[in-house]
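Asks: compute the structure for the input listed below.
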Amino acid sequence: ALAEATAERLRAEAVDTPEALLAAGVNGVVIAAATDAHPDLLTAAVDAGLPVFCEKPLARTADEAKRVRDYVVAAEATVQIGYPRRFDPAFTAARTAVAAGELGWLHTVRSTTLDPAPPPREYVAVSGGIFRDCSVHDFDAIRWVTGQEVREVYATGSNRGAEFFGRYGDVDTAAVVLTLTDGTLAVVSNSRYNGRGYDVRLELHGSADSIAVGLDDRLPLRSVEPGTTFPAGPPHVLFMDRLAVAFRAELGAFTDVVAARAAPPCTVEDALEASWIAEACALSLELRRPVAMTEIRAAAR
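Replies: Below you'll find the predicted structure:
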């Protein structure tokens, strides 16, 4: 019903199977299905010779993501991955400032993704866990903004909310310390229970300056400093609201990819790297120790 309503609004045609879609003479494919469906849908679109936009992640596990990446590379296919923060104006400005040397050398990065309410139990059961489902946005943003890779991770987590998180081997709140290749420390904070609203922020502290993404009038954080009225507006509640501009921009970029005017701005290599980091975090949480990225990659060979 949703597909039919959307098709009517866009003056398009709704189909009820992936095969029918691929045979309909489309110029490109957007995959926004559940994570477990990504590999099969993506490879089918690649086999059809179509440019593909696929929401993150490539697959539930890094091993499966690597297989998909290898398939895409072997086919010389055109695939863009959906990491919308790369298209948010403030994240873009932060990346530009870092690249221009405005901050000096970085010493600390803080990345935050706090959901106002947990996803349904059914979603958690197949999500792959908070690191693979949520934290990957932070991992990709940190890599993209700083231009650095992750050398080592140390992750921890807890459950203070619904019991089903623990049942599926997941946590509802997580914290990660990433050591980047140049020695910069990046701290990632995630939770499914941020009652005040949807909080996406990035702070970058350098030897010459410090900047922040997300400190706007709708920041879901209330100051108790006397006389302070910031933030002044209603908090962001949904990610679609907070990142609306970015979602439109990334699909606009995909139209350029389909028209062969540009290369994919976020590649399967980027997606795989975020999956490797998530895998390292899951292992770190399990073993309660730091995990080097070389350890994760060696285990996958």
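
Asks: just give me the longest helix of the chain.
Replies: Longest helix in the chain, counting residues (DSSP state H): helix 268-287.

Asks: pLDDT of that one, averaged?
Replies: Across helix 268-287, pLDDT averages out at 98.

Asks: quick one: Thr43 from Thr181, how far?
Replies: With distances taken as Cβ to Cβ, to the nearest Å, Thr43 is found 32 Å from Thr181. Backbone N, C-alpha and C define where each C-beta goes, glycine included.

Asks: which of those two has more residues huddled nearby?
Replies: Counting neighbours by other Cβ atoms under 10 Å for Thr43 and for Thr181 shows that Thr43 has the greater number, 17 against 13.

Asks: contacting residues around the spatially most central residue of the chain?
Replies: Nearest to the geometric centre of the chain sits His137, at 2.5 Å (Cα atoms, centre = their mean). For His137, the contacting residues are 56, 83, 85, 113, 200, by Cβ atoms under 8 Å, 6 or more residues apart in numbering.

Asks: retrieve the pLDDT associated with the second one.
Replies: Tyr83 is assigned a pLDDT of 98 by the prediction.

Asks: same thing with Gly252?
Replies: 98.

Asks: and the one helix or strand it maps to, how far out from the chain middle?
Replies: Assessed by DSSP states H and E, Gly252 sits inside helix 244-258. Its chain's average C-alpha position is 15 Å from that of helix 244-258, according to Cα atoms, centre = their mean, to the nearest Å.

Asks: ok, now stretch 88-99?
Replies: Computed by Cα atoms, centre = their mean, the chain-centroid distance of stretch 88-99 equals 16 Å.

Asks: again with stretch 128-148
Replies: How far stretch 128-148 lies from its chain's middle: 6 Å, per Cα atoms, centre = their mean.

Asks: do stretch 158-173 as well
Replies: That offset, for stretch 158-173, works out to 20 Å (Cα atoms, centre = their mean).

Asks: who's in contact with it?
Replies: 118, 121, 124-125, 127, 129-130, 157, 190-193, 285.

Asks: now do 6 Å
Replies: Residues from elsewhere that reach stretch 158-173 (Cβ atoms under 6 Å, 6 or more residues apart in numbering): 121, 124-125, 129-130, 157, 191-193.

Asks: buried residues in it?
Replies: Neighbour counts over stretch 158-173 (16 or more other Cβ atoms under 10 Å) mark 161, 164-165, 170-173 as buried.

Asks: what mean pLDDT does that stretch get?
Replies: Stretch 158-173 carries an average pLDDT of 97.

Asks: next: stretch 114-121.
Replies: Averaging pLDDT along stretch 114-121 yields 96.

Asks: which residues sit against it?
Replies: The contact list for stretch 114-121 (Cβ under 6 Å, 6+ apart) reads 164, 191-192, 194, 197-199, 237.

Asks: put the buried members of these into a ChimeraX selection.
Replies: A single ChimeraX command is used to select the members of the contacts of stretch 114-121 judged buried by 16+ other Cβ under 10 Å:
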select :164,191,192,194,197,198,199
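
Asks: show me the contacts of stretch 114-121 that map onto helices.
Replies: Reading helices off these with DSSP H, I get Phe164.

Asks: quick one: the residue lying closest to Leu178 once chain neighbours are set aside and Met293, what's the gap?
Replies: Closest residue in space to Leu178, ignoring its immediate chain neighbours: Ala186 at 4.2 Å, by Cβ to Cβ, 6 or more residues apart in numbering. Separation of Ala186 from Met293 (Cβ to Cβ): 13 Å.

Asks: tell me the SS of the nearest residue to Pro264 once chain neighbours are set aside?
Replies: Using Cβ to Cβ, 6+ apart and skipping residues adjacent in sequence, the residue nearest Pro264 is Gln80, 3.8 Å away. Here Gln80 takes the strand state, with states given by DSSP: H, G, I helix; E, B strand; the rest coil.
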